[in-house]
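[1] Could you work out the structure for the sequence below:
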Amino acid sequence: MSDTGQPTKTVSDFEATLTKADTSVASFETEHLTGLQKLRIFLQAYPVAVPVFVLILSLFLFSFTTDGRIVQPGNLSTILKQITPIGIVAIAQTIIILTAGIDLSIGAIMVLASIIMGKLAVQAGVPAPAAIAIGAFAGGLMGYFNGFLVTRLRLPPFIVTLGTLYIYQALKLWYSNSESIRNVDTEAAAPLLIWFGKVISIAGFQILYGTVAFLLLAWLMTYVLKHTAWGRHVYAVGDDLSGAMLSGVQTDKVLRSVYAVAGVIAAFAGLVLIGRVGGTVTPLAGETANLDSITAVVIGGTSLFGGRGTIVGSVLGAIIVGVFRFGLSLSKVDVLWQDFTVGILIIAAVAIDQWIRKAST
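    The predicted model follows:
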């Protein structure tokens, strides 16, 4: 009690008063936001909401244009089969774009790694597990080389990976002699290489072993990004490189590790690709994988400016692209207009990302 007979206010009372005041101010500010401003804040907090909405809407619309055929188990199975290798590459591309980088060589790494696995296992007689391990190591080494050039030369990732794209493309043609390995030879000499092409059938719905592996990998990488120090450092580097450096994050080490991990994931995509096409190993595969993976990542809500995005969004982005291409094909739309539609999706996704980013300014 004070000398005047009034209760004495404690520190806790003052803290409670301040908290109440802050809550009142926040409530006042929220009440005066427009509907679009509230939506923008919501989408910044939940970036996966946009690709989820687009996927549901696209399935709904194509159900009308295809008389419901697109949602039949067989067609949904086909979409998942088609997007599986690209979806895996999109996971690799996601962790790079989260650091505000980009990898134009990721598709070439996938194909070159698959050729290394095929040549060693089928033509050189190396045991398939060892050939797969060597191919994964080669993919990681190519990715690390990208990261090394980015951090050592201080060049933009776009320029570095554009250069290594041509290097890896030349290497894959040289190493393969521009020749393919036939599926019958792969099946006879190294059946393990096509294991991910096996199918699980459930009530008319077919799913590849590779698709199951793709979804498990997406879950694993989501966990790693959310619950490990490495994952937090990846987001920090992409959000503010200088700030992360001042906070004690070894930014160069993180960037090199990101590109190396992406290379290993791309090599795994190459192994799944072999199974997806039934055992054929060709240097002509994955010609559009670089751009397709970037498309999936952008449509999935990952910011090209780094620091914001999710693996789940990229998975949904890959599915959205698959749904649009397959839905337009079922609707008998020319391939030209399929590409036209995907181009519109990319521009719209980047425009939405720019709009959402303003919520924090």
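
[2] from here on, contacts and neighbour counts on C-alpha atoms
    Will do.

[3] Do a quick rundown of the strands in this structure.
    199-202, 205-208 (DSSP state E).

[4] In TSV, list these along with mean pLDDT and mean neighbour count.
    Below are the strands of the chain laid out as TSV (pLDDT from 0 to 100; neighbours: other Cα atoms under 10 Å):
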stretch	mean pLDDT	mean neighbour count
strand 199-202	87	12
strand 205-208	88	19
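
[5] closest to Ala136 out of those?
    Nearest to Ala136, of all these, is strand 205-208, at 20.8 Å by Cα to Cα.

[6] circling back: let me have the strands of the chain in TSV, extended by distance to Asp292.
    Shown next, in TSV, are those (distance: least, Cα to Cα, whole Å):
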stretch	distance to Asp292
strand 199-202	24
strand 205-208	20
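
[7] between those, which one is nearest to Ala170?
    From those, taking Cα to Cα, the stretch that ends up closest is strand 205-208, at 31.2 Å.

[8] any residues touching that closest one, and which ones?
    The contact list for strand 205-208 (Cα atoms under 8 Å, 6 or more residues apart in numbering) reads Pro73, Gly74, Leu76, Ser77, Leu80, Lys81, Phe196, Gly197, Lys198, Val199, Ile200, Ser201.

[9] And the fifth one, how close does it get to Ala124?
    Meaning Leu80. Taking Cα to Cα, to the nearest Å as the measure, Leu80 falls 33 Å from Ala124.

[10] Counting neighbours, go ahead and name the busier of these two.
    Just comparing Leu80 and Ala124: by other Cα atoms under 10 Å the higher neighbour count belongs to Leu80, 20 against 11.

[11] Touching, Gly313 and Gly300? I think so.
    Yes: with contact defined as Cα atoms under 8 Å, Gly313 counts as touching Gly300 (4.1 Å).

[12] what touches both of the two?
    Val48, Pro51.

[13] quick one, which of these two is more surrounded?
    Gly300 (33 against 25).

[14] OK, contacts around that one?
    Going by Cα under 8 Å, 6+ apart, the list of residues near Gly300 reads Val48, Val50, Pro51, Gly309, Thr310, Val312, Gly313, Ser314, Val315, Leu316, Gly317, Ala318.

[15] go with 10 Å
    47-52, 54, 90, 94, 294, 309-321, 346, 349 (Cα atoms under 10 Å, 6 or more residues apart in numbering).

[16] now do Gly87
    Listed by Cα under 10 Å, 6+ apart, the contact set of Gly87 reads 80, 93, 211, 214-215, 218, 269, 289, 292-293, 296-297, 311, 314-319, 322.

[17] same check, this time on Val254
    Thr99, Gly147, Thr151, Trp230, Gly231, His233, Val234, Val237, Ala260.

[18] returning to what we had before: quick one: the contacts of strand 205-208 as a markdown table, columns for distance to Asp334 too.
    Formatted as a markdown table, the contacts of strand 205-208 follow (distance: Cα to Cα, whole Å):
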| residue | distance to Asp334 |
| --- | --- |
| Pro73 | 24 |
| Gly74 | 22 |
| Leu76 | 21 |
| Ser77 | 22 |
| Leu80 | 21 |
| Lys81 | 22 |
| Phe196 | 31 |
| Gly197 | 29 |
| Lys198 | 31 |
| Val199 | 30 |
| Ile200 | 32 |
| Ser201 | 31 |
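
[19] Farthest pair within the residues you listed?
    Farthest pair in the contacts of strand 205-208, by Cα to Cα: Pro73 and Phe196, 20.1 Å.

[20] Looking at these two, which is more packed in?
    Taking neighbours as other Cα under 10 Å, Pro73 and Phe196 compare with Phe196 leading, 20 against 15.

[21] What distance do you get for the more buried one to Thr84?
    When Phe196 is compared with Thr84 (using Cα to Cα), they lie 11 Å apart.

[22] Residues that sit against both of those two, list them.
    Leu208, Gly210, Thr211, Val212, Ala213, Val272, Leu273, Arg276.

[23] Looking at those residues, which one is closest to Thr251?
    Among the shared contacts of Phe196 and Thr84, and counting by Cα to Cα, the member closest to Thr251 is Ala213, at 30.2 Å.

[24] circling back to that earlier point, quick check on the contacts of Gly300: which are buried?
    Burial by neighbour count, judged by 16 or more other Cα atoms under 10 Å, picks out 47-48, 50-52, 54, 90, 94, 294, 309-321, 346, 349 from the contacts of Gly300.

[25] show me where pLDDT drops low in this protein?
    1-32, 43, 357-361 (pLDDT under 70).

[26] coming back round to it: are any of the shared contacts of Phe196 and Thr84 buried, and which?
    Buried among those by 16+ other Cα under 10 Å: Leu208, Gly210, Thr211, Ala213, Val272, Leu273, Arg276.
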